[in-house]
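Visitor: test case, fold it:
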Amino acid sequence: MGKPYQWAAAGPDSYDCSGLTLWAWAHAGVSLPHNSGMQYEATPRVAQNDWQPGDLLFFGTPIHHVAMYIGNGQMVQAPYTGSQVQVVSAYRSDYVGAGRPGV
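Guide: Numbering: from 1, shown residues only. This next block holds a predicted model:
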């Protein structure tokens, strides 16, 4: 939390959106590509009413953002330049789908 957003960064000092999810899942032994669209393609779909902590949530058409669901309607994300890793509502109007790594 609070680490700065930096395009193409995958931690531990800064992150972009897919770098954050890549870093988190790598610590669980799961390899993901460093691109939100590729992470969408690499994970099986999960229905919105079946989200579990750790699921990846994808946004935009074409997909340009990914965040990780943490439960209770919240997600952790690295949203854009000038921002920091933060917890926000998981519900956005540009939601595309969810994926579950490691399945």
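
Visitor: in contact with Gly11, which residues?
Guide: Counting by CB atoms under 8 Å, 6 or more residues apart in numbering, Gly11 makes contact with Lys3, Gly19, Leu20, Trp23. Quick note: C-beta positions are derived from backbone N, CA and C, even for glycine.

Visitor: so how far is the longest helix along the chain from its chain's centroid?
Guide: Longest helix in the chain, counting residues (DSSP state H): helix 17-26. Averaging C-alpha positions (CA atoms, centre = their mean, to the nearest Å) puts helix 17-26 7 Å from its chain's average.

Visitor: for stretch 20-32, same thing?
Guide: Put simply, stretch 20-32 sits 10 Å off its chain's centre (CA atoms, centre = their mean).

Visitor: name the residues of it that are buried.
Guide: Leu20, Thr21, Leu22, Trp23, Ala24, Trp25, Leu32 (16 or more other CB atoms under 10 Å).

Visitor: was I right to think the third one contacts Ala8?
Guide: Read it as Leu22. No: if you go by CB atoms under 8 Å, Leu22 and Ala8 don't touch, sitting 11.1 Å apart.

Visitor: other residues contacting the strand or helix carrying Val96?
Guide: Using DSSP states H and E, Val96 falls within strand 95-99. The contact list for strand 95-99, computed with CB under 8 Å, 6+ apart, reads 39-40, 42-48, 51, 55-61, 63, 69.

Visitor: those in helices, which ones?
Guide: Gln39, Tyr40, Ala42.

Visitor: thinking again about what came up before, including pLDDT and distance to Ser93, could the buried residues of stretch 20-32 go into TSV?
Guide: TSV is the format used below for the buried residues of stretch 20-32 (pLDDT from 0 to 100; distance: CB to CB, whole Å):
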residue	pLDDT	distance to Ser93
Leu20	98	22
Thr21	98	21
Leu22	97	25
Trp23	97	27
Ala24	97	25
Trp25	98	26
Leu32	98	25
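
Visitor: strand partners (parallel or antiparallel) of the helix or strand harbouring Val87?
Guide: Assigned by DSSP H and E, Val87 belongs to strand 86-89. Here strand 86-89 is paired, per DSSP bridges, with strand 74-77 (antiparallel).

Visitor: no further queries at this time; thank you.
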